[in-house]
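Participant: Sequence and computational prediction follow.
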Amino acid sequence: MTSDEYNRVDDMVDRVARHYDGKEDGSEDTEPSPENRTEDVKQIGGSTGAATQLALSAATIVTGVVDHTAFTATTTILETDTITTAAADHYNGRIIIFTSGTLQNQATDITDYALNGGRGRFTYTAVTSGPADDVTFVIV
């Protein structure tokens, strides 16, 4: 786990702990306006441990944006400048889920990953079309 990933998990755990213990400054909760409302989940299925596990697993989700600067994505390969992990095969076996564009909600498995010219290059099982430039995705 990288230090950034550790810090995200640590922040989530701290927020969950503060919610259980009350506000850090001892003040009373007030109802925020709908646009400023955040929800902290104390339990899932009656289990506080499940809420913590959900926070930990959510911290492993990686976000990315398709980049056509040096390579135009195909139905089986894309590049991104938002994911630049140097370790070859680092994401192999994980799942890409497209979150925008015509591929929104399509999911596919990653079969190869490499850093190519400073951009992460992902090879995956074919989807219905090549993702457009600036399409967003998550890796789970």
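Facilitator: Structure's in. What do you need?

Participant: In this structure, what residue spans correspond to helices?
Facilitator: Assigned by DSSP state H, the helices in the chain fall at 3-21, 48-58.

Participant: now the longest strand belonging to the chain, how far from the chain's geometric center?
Facilitator: Longest strand in the chain, counting residues (DSSP state E): strand 107-116. Chain-centre distance of strand 107-116: 15 Å, with CA atoms, centre = their mean, to the nearest Å.

Participant: Give me the contacts around it.
Facilitator: 70-71, 79, 84-86, 88-98, 120-127, 139 (CB atoms under 8 Å, 6 or more residues apart in numbering). Any C-beta I mention is one placed from the backbone N, CA and C, and that applies to glycine too.

Participant: at 10 Å what do you get?
Facilitator: 70-71, 75-77, 79, 83-98, 120-128, 137-140 (CB atoms under 10 Å, 6 or more residues apart in numbering).

Participant: before we move on, the earlier item: ranking the helices of the chain by mean pLDDT, which is last?
Facilitator: Mean pLDDT is lowest for helix 3-21 among those, at a mean of 58.

Participant: average pLDDT for stretch 83-96?
Facilitator: pLDDT averaged over stretch 83-96 gives 97.

Participant: from now on call the first residue 464
Facilitator: OK, 464 is where the count begins now, so the last one is stretch 546-559.

Participant: Can you list the buried residues in that stretch?
Facilitator: 546, 554, 557, 559 (16 or more other CB atoms under 10 Å).

Participant: Now do residue 546 against residue 508, distance only.
Facilitator: Counting by CB to CB, to the nearest Å, the gap from residue 546 to residue 508 is 33 Å.

Participant: Outline the domain layout of this protein.
Facilitator: 466-492+504-521, 525-602 (automatic domain parsing).

Participant: Comparing those domains, which comes out most buried?
Facilitator: For those, average neighbour numbers computed from mean count of other CB atoms under 10 Å are highest in domain 525-602, which has a mean of 16.

Participant: List the residues that contact residue 541.
Facilitator: 527-531, 534-535, 559, 561, 582-587, 590, 593-594, 596, 598, 600.

Participant: And the pLDDT for it?
Facilitator: So, for residue 541, pLDDT stands at 98.

Participant: May I have the beta-bridge partners of residue 540?
Facilitator: residue 586 (DSSP bridges).
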